[in-house]
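**Student:** Pasting a predicted model and its sequence here:
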Protein chains: 2
Amino acid sequence: MQASLAHLKQFDHVADAVSYLNQLKVTPAVKIAAQLDSSELIQLLENPELKHNDALLAHLTHARRADILDQLAEDRLADLLSLVETDTRQQALSLLSATSRTSVLRLMSYPEGTAGSIMTTEFIHVPTTWTVAQTLAHIREVESTRETVYAIYVVDAEEKLRFVLPLRQLVCADAQAPLTDLWTGQTPITVDAYEDREEVARIIRRHDFLALPVVDEDNQVIGIVTVDDVIDALMDEAAEDFGRFGGAEHIGKPYLEVGFTTMLRKRGGWLAILFLGEMLTASAMQYYELELEKAVVLAMFIPLIMSSGGNSGSQATSLLIRGLALSEVQIKDWWRVMLRELPTGVVLGTGLGAIGFIRIIVWQYLGFYDYGEHYLLIGFTIWASLIGIVCFGSTLGSMLPFALQRFGFDPASASAPLVATLVDVLGLVIYFSVAAWILTGTVL
Amino acid sequence: MQASLAHLKQFDHVADAVSYLNQLKVTPAVKIAAQLDSSELIQLLENPELKHNDALLAHLTHARRADILDQLAEDRLADLLSLVETDTRQQALSLLSATSRTSVLRLMSYPEGTAGSIMTTEFIHVPTTWTVAQTLAHIREVESTRETVYAIYVVDAEEKLRFVLPLRQLVCADAQAPLTDLWTGQTPITVDAYEDREEVARIIRRHDFLALPVVDEDNQVIGIVTVDDVIDALMDEAAEDFGRFGGAEHIGKPYLEVGFTTMLRKRGGWLAILFLGEMLTASAMQYYELELEKAVVLAMFIPLIMSSGGNSGSQATSLLIRGLALSEVQIKDWWRVMLRELPTGVVLGTGLGAIGFIRIIVWQYLGFYDYGEHYLLIGFTIWASLIGIVCFGSTLGSMLPFALQRFGFDPASASAPLVATLVDVLGLVIYFSVAAWILTGTVL
């Protein structure tokens, strides 16, 4: 595709223009975008998906950059500046007005993952003494500089939040009515700037809000979190949980943009920890060396039996991580869950064991393999071990998210590989104990 | 807590009242809720979190039920009726007006997971010939019966969608201006009723919409999907992907509400399939029986080596499922991914192998275990096998989501247990081949 300004200008929607620029190389992308007029350029920079925004800002003349930075939404500016180098950041901050600078610096100070880090300071607040007509007139005046005008925050003389009015109610009300007449008596729901963004998302979702006010200790509104930012936060959290469940630390960036060494570090750490845990299996097996030497046949079923424990465990874990995350299951329900997982494990283990038993009988009869004269006993060993291991796997897998939550960790830090590793070591002990119990005197 | 109407009435927010009722038993919950006046009852029933809604409807007198059903939003009614038994549904449908009935039946006809199944039919559409003042007057009139009034759909004489105006723009415009003056020339973005809800969510998220119009083949708006429904859809999809990745079919209901047999069926199917796949490991090991008999020591590292392949595979799979789901990675990028995973696997495998090698040397020196005179060769066998298996695991794990997408499946149907099973069988072959290559003539 030919990179051209004409091409960029033909896009109807900003998101499409951003996608177009993102797939160009940095130099042509910056060159074309810099030719846009300021309002178009601001629309591009307001879109969090735009790559090369730092290069684009650097390419602009000093005067133009000052103009653009001045017009960008403060929350977007804070995001942009937290990504660039210190020099560029200082220089950009010096171009802002004193109030903007304070405001942007405050936004940048909230830790990642908090309400403060995803809120915008551009909302509409009006005094309780105003009428509907006054409020609508104010909205007309400031609309273009506000992220949302669909929620209006009504504050008292001390700037404390009294109530929230949706624009739809305002539009339908009598123009001369005082705002206090419109208030239904509901206390507004608010959050603290340090509240976890996942909790913010939960509240917005629960009440179907378009925005949620963030207040300080004096109940003054310092910002709002809008629903579109919450969707992004929810998707990020889901990606994080998902990656972690697969056993990879959150990589934080698109796969192809992560550096090779970062990728190695993020993955290698967990793999090494799991490997160290899994080394216990080698120690466990050392312990059963004699049994193994007498009956090599036992070794053949090790992968099958151990993977069944891991699989049933990771099933249970994934179900309960989601249950806890969606508050469908509470921590106090742990015993109800255990009372379900135990019989579930017994039934599933019996089923899998039956398949394993039949496999041994069939192979013996068809002559695919000779398990020796005690093949029936070996079959029963596999069957009984599978009941024990699947039962143990699903119980342990289901309890792990509870244990993590109980001790203050995120239940989603339980990963499929972690469950498998935990189950593997004790799974081996179960297997060899069952074997010793059934086979001593015959095979062993 | 004492169940009482006074208690229920004290809640400021519907969501809290719903939570309160949900934790009561069905009989008291229904008894209390039925004493509310109709507008309060409708607010409760409009909340998708409310349990016992069928019992509540059944408890009402015939006349009251007709009144309530008539006032409920059509999309909510369609959801409610799709959950109740056929008799109740027929009876409820007969209480509706003919237009409502047609509309509800149509909503119920869209398959789960489509735009049609989550859309609402209660939106605002006005003719292109109107002015701002006429539109605002219309909004004031119908506001209370519309799910959202923040997007206004402007249609031509044939009811075809021409453009969409946000309420904020309308509020700020000159009252006498014709609507066509407000149009910026953007073609509206629309979806088909059978579009996947995940795609709907992607569009809403990309453009930061509050609602997305659903149109028929004539470009007439038949409904809108609002952002709050999209959040629910996104969370459901994430839960589904998550459960599937753990190896459990989507259970669709909160964990504690799923029947025992349903749970067994949803989990047992996958477990059995994985078990059948994993049985190939037993066959592979049969093949290496002689080697095993000569060197039981080889058996001791099987769990360790196999789990490392599975772990590195499930890491890679989870990273790429998310990458594909978020469109950060395209299907055409598969070779770039493979070119990253191969060296990543080599480095990670070398690292893990080194740990394993050191473990063997240390155990030998400290006398924890005697690997015999060829312990160094055994150490190298473990090291080399780990490089091969981790490399194979991460490459296979990263390619699986691409393969599934290429052949029309959801990439998220790749699960950690599936990856582990696929890696296990070939992992064993790699292990024993490396062992034969290094150890033949000494240990073997």
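**Tutor:** In hand now; what should we look at? Numbering: from 1, shown residues only, chains lettered A, B, ... in the order given.
**Student:** Quickly list the domain ranges of chain A.
**Tutor:** Domain ranges of chain A: A:5-109, A:124-242, A:255-439, per automatic domain parsing.
**Student:** a markdown table please, covering these and showing mean neighbour count, mean pLDDT and distance to residue B:348.
**Tutor:** For the C-beta atoms, the positions are set from N, CA and C on the backbone; glycine is no exception. Formatted as a markdown table, the domains of chain A follow (neighbours: other Cβ atoms under 10 Å in any protein chain shown; pLDDT from 0 to 100; distance: least, Cβ to Cβ, whole Å):
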| stretch | mean neighbour count | mean pLDDT | distance to residue B:348 |
| --- | --- | --- | --- |
| domain A:5-109 | 16 | 84 | 29 |
| domain A:124-242 | 18 | 89 | 20 |
| domain A:255-439 | 21 | 87 | 6 |
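**Student:** Can you tell me which of those domains is nearest to residue B:90?
**Tutor:** domain A:124-242 (30.8 Å; Cβ to Cβ).
**Student:** Any chance you could list what contacts the helix or strand containing residue A:171?
**Tutor:** Using DSSP states H and E, residue A:171 falls within helix A:167-172. When contacts are defined by Cβ atoms under 8 Å, 6 or more residues apart in numbering or on different chains, helix A:167-172 is touched by residues A:132, A:135-136, A:139, A:149-152, A:182, B:136, B:139-140, B:143, B:149-150, B:167-168, B:171.
**Student:** And for stretch A:176-193?
**Tutor:** So stretch A:176-193 is contacted by A:110, A:114-116, A:119, A:126, A:128-133, A:135, A:153-154, A:161-165, A:169-170, A:173, A:199-200, A:203, A:207, A:209, A:212-216, A:219, A:221-223, A:225, B:12-13 (Cβ under 8 Å, 6+ apart).
**Student:** From these, which land in strands?
**Tutor:** A:126, A:153-154, A:161-165, A:212-215, A:221-223, A:225 (DSSP state E).
**Student:** which among the residues you listed are in contact with chain B?
**Tutor:** Checked against chain B using Cβ under 8 Å from any Cβ of the partner chain, those give no members in range.
**Student:** between those, which is nearest residue B:229?
**Tutor:** residue A:212 (18.1 Å).
**Student:** show me the residues around the closest one that make contact.
**Tutor:** A:115, A:189, A:190, A:191, A:200, A:203, A:204, A:224, A:225.
**Student:** try 7 Å this time
**Tutor:** Each residue near residue A:212 by Cβ atoms under 7 Å, 6 or more residues apart in numbering or on different chains is listed here: A:189, A:191, A:200, A:203, A:204, A:224, A:225.
**Student:** Take these and keep only those in helices.
**Tutor:** A:200, A:203, A:204 (DSSP state H).
**Student:** on that earlier part again, select, out of the domains of chain A, the one closest to residue B:335.
**Tutor:** Comparing the domains of chain A under Cβ to Cβ, the one sitting nearest is domain A:255-439, at 11.7 Å.
**Student:** which among the ones in strands among the contacts of stretch A:176-193 gets closest to residue A:50?
**Tutor:** Using Cβ to Cβ, the ones in strands among the contacts of stretch A:176-193 come closest to residue A:50 at residue A:225, 21.3 Å.
**Student:** what's the span of stretch A:182-199, first residue to last?
**Tutor:** 29 Å (Cα to Cα, to the nearest Å).
**Student:** And for stretch A:164-175?
**Tutor:** 18 Å.
**Student:** Show me which residues of the stretch 101-250 of chain A are close to chain B?
**Tutor:** Applying Cβ under 7 Å from any Cβ of the partner chain, one finds that the stretch 101-250 of chain A approaches chain B through A:136, A:139-140, A:143, A:149-150, A:167-168, A:171-172, A:186-187, A:189, A:205-208, A:210, A:227-228, A:231, A:234-235, A:238-239, A:241-243, A:245-248.
**Student:** so who does the closest residue to residue A:155 other than its chain neighbours touch?
**Tutor:** Residue nearest to residue A:155 in three dimensions, not counting chain neighbours: residue A:125, with 5.2 Å by Cβ to Cβ, 6 or more residues apart in numbering or on different chains. Residues counted as contacts of residue A:125 (Cβ under 7 Å, 6+ apart) are A:153, A:155, A:221.
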